[in-house]
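K.L.:
the sequence and its predicted three-dimensional model are supplied below.
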Amino acid sequence: MSYDTATQQRHYSDPVATYRHPIAPSSRAKQMFNHNFERCSGGRGTSITSVKLVMLAITGLLALPPWGATWLHAQQETVDATEFAPAPIRLFDESFEVTVAAAPPLVKHPLMAGFDDRGRLYIAESAGENLRREDLEKRLPNFVRRLEDRDGDGVFDHSTIFADGLTLPQGALWHDGALYVAAPPNIWKFVDEDDDGVADRREVLVDQFGYTGNAASIHGCFLGPTGRLYWCDGRHGHEVHDETGELISAGKAARIFSCRADGSDFRVHCGGGMDNPVEIDFTPEGEMLGTVNLFYRQRGDCLVHWMHGGAYPRFDQTCVDEFRRTGDLLREVHNLGHVAVSGMTRLRSPQWNGDAEATSWLLTEFNAHRIMQTTLRRQGSTFAAEVRPLLESSSVDFHPTDVLEDADGSLLVIDTGGWFRIGCPTSQIAKPNILGAIYRVRRKGPSAPGLADSRGLKLDWTVAPAELAQRLEDPRHAVVERATSLLARQGGEAAQALAKWQPATTAGAVRRVWALARNGAPLAARELRLLLGADAWQLRLAAAMACGQTADHDAVESLMPLLSDEQPQVRREVATALGRIGDVRALPSLLHSLGRQDNDRVLEHALIYALMEIGDGAAIAPGLADSDPRVQRGALIALDQMPWDGLRQEHVTPLLASADTQLVAAALDAVATRPAWSEEGLRQLRSLFAASRGGGLDETRRRAANGLLQSLSSHAELPALIAASGSELAASDQVMLLQFLGSRPQLPEACADFVQAGLAAAEADVARAAVHTLSAHPDPRHADSLLRLGRDERRPTDLRVAAWQAWALSARQPLDESAFSFLGSCLTEQEDPLLRLAAARGLAAAPSTPEQARQAARWAAKAGPIELPVLTGAWAGHTDPALGKLVVAALGQAPGASALSLAAIEEVVRNFPPEIRDAAEPLLESRRAELSQRSEQLAMHVEASDGDAARGQRVFLSRAAGCAACHRVAGEGGNVGPDLSTIGDRRSKRDLLEAVLFPSASQARGFESYLIRLDDGRQFAGLILSESGSRLRVRTSDQQELEISREAIEAMKPSDVSVMPAGLKQTMTDGQLQDLVAYLRTLRATSP
């Protein structure tokens, strides 16, 4: 932007400045703007000075709806992408009001933010471009902005670019005169030495962290109660080096890290297979909770209690193997569903915390366009959450990315707008770049008592430490934080003042703990040890955490008795502290504590992880002989996971005879992970097989048996054991064995008879598993058995179809007339889309005669989008021109032709003569035109009248559309694709139409497709269902599930093609499409 003083005209490089505020439907909503712009000194940003935004509370614009909500209404006309209109915001409590605190051009695409001690707001902001890593690092388009509210009216009126040239900053923490920002691949420290609003010095504090550009990378920083810096890292890997260049930490998994403010003392707090931990905050007593996405599959976005040393889901990710496990992976406090949870904060002001037994938190839901208020209560050693909406917007382009509490108790809601696409499956086609804003939510009427001068700017901050200590009981949380920060820097004098001060409240006493912990003087450490004996459990808990973080060995004698504390949360934190300190004196007490019956999973984790951290295997081993199986199990898990070579087979074998199933399972896990104990593993597997013959294995023992199978997969005696015992097992356990054999690189010769017997089993599930095994390992010797199964009309149709496909793969011969007709009838007459697909696979798997190829072409002319792409394999190897003409004509008529990509059509006609390829050109041209007109097609359907939800439910459940075959709603339906139970909360009409019409335009997170090429030349597209260190389980684009050895994979890369077939629109009328979308929009977790 430039400013022409001669003509008094403003010139913008950016059309956003043609801002028009919406015309509100009530005279009560007014905004007046008087802009005067000037260039920023220093030339690295634009300063907007003297911007006066007189914004009245925009409330009560329309009659309140029956639920009594309050709204902020936006303009009622269509606006251009370069214009800003406030989002329509519904407040669920009419005692609050919402105003615009900052809008374009002051801010455009804010992401996350934080205040400094003077109330200036630092915003990690995007330029609104969707760029991958390579382009981000070339262009460095993003930045941190600083906003000021110079007249104190609650509306920001001054802006500078504090730090530019960044990749994708996601966080802003002001601490002790510096701004700490996570912008991959680094954690940055920015210092503005002359206070002109532009950072003069930037320092890489910690590096390097992997990222792709989709925002599932590093977020932060966040200040812990003891003064450490924390940040979250998504599942893109990290390699961190110390100042000498030595590698100190590396891995692929998501993690939460911390360090001191100078970058030293780098630590890993916890981690797991989840995709994207976003933000964290702390309870008053110091426990860490945070938001995280893709915690499960199906997707769950969650609020989690992040435990020191914790290993967390997702279960299907091999990177969980990077962590020492204390048992089952730790779970969430609350599963919010598929909402893309992002920012969070704990509310500090008294007005938000009226319940002494609970704390109040806010979470932002990016896809659901809302802020959720969470009441957190203690449950055992962890927490339970009650969640309810605080506000939401009906605008699909309102995307809250962060929420924070201002010093006066009002809230700032950060709305980044509608620019973000990468990795977020909202509409991708021809969508305008919608600008964001910052909204303020405050209670109506005067500010809460005691919150005048909410940041204490009128206070004298040069007072003695004794007066600073008293400010720790101030009701203004910003005053408390500033006093704590000053006391932390004043060493022994401040520690002495804190030691003498006697707080009047428990809350003040806990804040005293944190001030002492951050001070670090020897006297402060002594005071913390004394507080371990305090009457209030809050003080005992906080003091234990502080002693643990500093590894205070002098606190061990005072900590150990607290392992018997009446409060489970205190016992949990004491165990954590003892583990961090690492003193072997604590081991007997920790082992004894494992025997308590009231230990929950989180407390159990803390105790076992403490054993691991202390790490003295010889001192832990006596726990294996304890009379309590809980103690034995905890000791065994610790020894199994520790880098200790003293665990012997004779230690573990007696535990396998225990009556405690959890102890036996832990012992079996230990055996399964030690190849040197293979003989014991075989003995245990025989024992499990014997138990199966007596009625089948329970889930715990079946999981142990599966682990032993994987561990013993290369043992020479395993095939003979399976062959001798397999057919005698319970049906469910035979299925387990057959699935195991199907996942192996080769089918052992000794197991052939067992698989053959499975084909003849009376139980259909066993026969299906045997067929699947032979599909993975085709063998002509089994062709006759498969043929008999395929012809057996007493068997279920799906089993017969699968048998014919396996027969075709094994025999490599054309199907006989009856088999061909049977599969053809399934293809053309079955309503079940997955059965039609299976029939198409069977027809395509067998070499076809000329007449069969012609018949397949006739069937193709009526084939739908699910089966047609697979059916094209029936013409492989044919070159007859007459057949080619029939094929091209069929593809031109087929309802499912839109499911074929240009490359697929070209592949179909590739082996035919040139005249056939020429004849296919109009079809190819039609497809090119169709692809180029997607925007127009989408707009036409978006603008059409809404359908009927009741009729849409019938469309969803119909066999013709096939939606329910792949998608689940309210626990019913298939699990091939995402669960749609709450899809209406997070997807607009446009998004849903695009997903049906053009499924490859956007792929749901967790359901991305990959192109995989194997070393034998085979290649396919598929969805990775789960992975281990050695294998992948993949669902291919034709809906087959395959087990693939990692060693067999030559190349793997993301695919632009969704596993959801294109062309589904051809299975329904325009009206049915609108009905279907209307039904999907009703699927919500909350009432609209």
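P.N.:
Ah, there it is.
K.L.:
mind splitting this structure into its structural domains?
P.N.:
2-443, 466-671, 816-932, 945-1081 (automatic domain parsing).
K.L.:
how far out from the middle of the chain is the last one?
P.N.:
This points to domain 945-1081. Mean-position distance between domain 945-1081 and its chain equals 18 Å (Cα atoms, centre = their mean, to the nearest Å).
K.L.:
now do the end-to-end distance for that domain.
P.N.:
Terminal residues of domain 945-1081 lie 14 Å apart, using Cα to Cα, to the nearest Å.
K.L.:
same question, the third one
P.N.:
Using Cα to Cα, the end-to-end distance of domain 816-932 comes to 44 Å.
K.L.:
list the buried residues in stretch 319-332.
P.N.:
Using 16 or more other Cβ atoms under 10 Å as the test for burial, stretch 319-332 gives 319, 320, 322, 323, 324, 325, 326, 327, 329, 330, 331, 332. For the C-beta atoms, the positions are set from N, CA and C on the backbone; glycine is no exception.
K.L.:
the third one contacts residue 250, doesn't it?
P.N.:
What it means is residue 322. No: if you go by Cβ atoms under 8 Å, residue 322 and residue 250 don't touch, sitting 9.3 Å apart.
K.L.:
in stretch 647-657, what's buried?
P.N.:
Quick answer for stretch 647-657 (16+ other Cβ under 10 Å): 647, 651, 652, 655, 656.
K.L.:
and stretch 853-863, by the same measure?
P.N.:
By neighbour count with 16+ other Cβ under 10 Å, stretch 853-863 contains the buried residues 853, 854, 855, 856, 857, 859, 860, 861, 863.
K.L.:
turn those residues into CSV, including pLDDT.
P.N.:
Shown next, in CSV, are the buried residues of stretch 853-863 (pLDDT from 0 to 100):
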residue, pLDDT
853, 94
854, 95
855, 96
856, 94
857, 94
859, 95
860, 93
861, 93
863, 90
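K.L.:
out of the residues you listed, which sit inside helices?
P.N.:
853, 854, 855, 856, 857, 859, 860 (DSSP state H).
K.L.:
closest to residue 466 among those residues?
P.N.:
Set against residue 466, the nearest of these by Cβ to Cβ is residue 860 (87.5 Å).
K.L.:
please report the distance of that closest one from residue 893.
P.N.:
According to Cβ to Cβ, to the nearest Å, residue 860 and residue 893 sit 9 Å apart.
K.L.:
who does the one helix or strand residue 376 maps to pair up with?
P.N.:
Element membership of residue 376 [criterion: DSSP states H and E] is strand 370-379. Partner strands and pairing direction for strand 370-379 (DSSP bridges) are strand 358-365 (antiparallel), strand 382-393 (antiparallel).
K.L.:
can you give me the offset of the shortest one from its chain's centre?
P.N.:
When you say that, I think you mean strand 358-365. That offset, for strand 358-365, works out to 18 Å (Cα atoms, centre = their mean).
K.L.:
which residues are in contact with that strand?
P.N.:
Strand 358-365 has contacts (Cβ atoms under 8 Å, 6 or more residues apart in numbering) with 281, 283-284, 289, 291, 301, 303, 336, 339-347, 352-353, 370-377, 387, 390, 400-403, 411, 413-414, 986.
K.L.:
how many neighbouring residues does the nearest residue to residue 1084 once chain neighbours are set aside have?
P.N.:
Sequence neighbours aside, residue 984 is the residue nearest to residue 1084 in space, at 4.3 Å (criterion: Cβ to Cβ, 6 or more residues apart in numbering). Neighbours of residue 984 under the rule other Cβ atoms under 10 Å: 23.
K.L.:
so residue 984, which of the three states?
P.N.:
helix (DSSP: H, G, I helix; E, B strand; the rest coil).
K.L.:
for it, what are its contacts?
P.N.:
1080, 1081, 1082, 1083, 1084, 1088.
K.L.:
thinking again about what came up before, a markdown table for the buried residues of stretch 853-863, including distance to residue 117?
P.N.:
Listed next are the buried residues of stretch 853-863 as a markdown table, based on distance: Cβ to Cβ, whole Å:
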| residue | distance to residue 117 |
| --- | --- |
| 853 | 78 |
| 854 | 81 |
| 855 | 79 |
| 856 | 74 |
| 857 | 75 |
| 859 | 74 |
| 860 | 71 |
| 861 | 73 |
| 863 | 68 |
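K.L.:
mind exporting the C-alpha coordinates of the strand or helix carrying residue 190 to CSV?
P.N.:
When secondary structure is defined by DSSP H and E, residue 190 falls within strand 186-191. Output in CSV follows, covering the C-alpha atoms of strand 186-191 (Å, rounded to 0.1, in the frame of the first residue of the first chain):
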residue,chain,number,x,y,z
ASN,A,186,11.8,-24.2,14.0
ILE,A,187,10.9,-22.8,17.3
TRP,A,188,11.7,-19.1,17.1
LYS,A,189,12.5,-16.4,19.6
PHE,A,190,11.8,-12.8,18.5
VAL,A,191,13.0,-9.7,20.4
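K.L.:
sheet-wise, list the partners of it with their directions.
P.N.:
If you go by DSSP bridges, strand 186-191 pairs up with strand 178-183 (antiparallel), strand 201-207 (antiparallel).
K.L.:
what sits up against that strand?
P.N.:
144, 162-163, 166, 177-182, 199-209, 218, 220-221, 229, 231, 259, 263.
K.L.:
any of those residues buried? List them.
P.N.:
Among the contacts of strand 186-191, those classed as buried by 16+ other Cβ under 10 Å are 144, 162-163, 166, 178-182, 199, 202, 205-206, 208-209, 218, 220-221, 229, 231, 259, 263.
K.L.:
got the contact list for residue 355?
P.N.:
residue 375 are the contacts of residue 355 under Cβ under 8 Å, 6+ apart.
K.L.:
determine the three-state secondary structure at it.
P.N.:
Residue 355 is classified as coil under three-state DSSP.
K.L.:
distance of it relative to residue 89?
P.N.:
26 Å.
K.L.:
picking that back up, quick one: least confident of the contacts of residue 984?
P.N.:
Checking pLDDT across the contacts of residue 984, the minimum falls on residue 1088 at 43.
K.L.:
please identify the most buried of the strands paired with strand 370-379.
P.N.:
strand 358-365 (a mean of 24; mean count of other Cβ atoms under 10 Å).
K.L.:
average model confidence for it?
P.N.:
Mean predicted lDDT for strand 358-365 stands at 95.
K.L.:
what's the answer for stretch 757-764, then?
P.N.:
94.
K.L.:
before we move on, what about stretch 210-220?
P.N.:
For stretch 210-220, mean pLDDT is 89.
K.L.:
outside of that stretch, which residues touch it?
P.N.:
112, 130-133, 135-136, 167-168, 170-171, 173, 180, 182-185, 187, 209, 229-238, 275-279, 293, 420, 422-424.
K.L.:
show me the residues you listed that map onto helices.
P.N.:
Per DSSP H, these map to helices at 133, 135, 136.
K.L.:
and which of those is nearest residue 464?
P.N.:
Closest to residue 464, out of all of the ones in helices among the contacts of stretch 210-220 and judged by Cβ to Cβ, is residue 136, at 49.0 Å.
K.L.:
quick revisit: from the buried residues of stretch 853-863, which is closest to residue 606?
P.N.:
residue 863 (58.2 Å).
K.L.:
name the element residue 1011 belongs to?
P.N.:
Here residue 1011 is assigned to strand 1009-1014, by DSSP H and E.
K.L.:
that strand pairs with which strands?
P.N.:
strand 1019-1027 (antiparallel), strand 1049-1054 (antiparallel).
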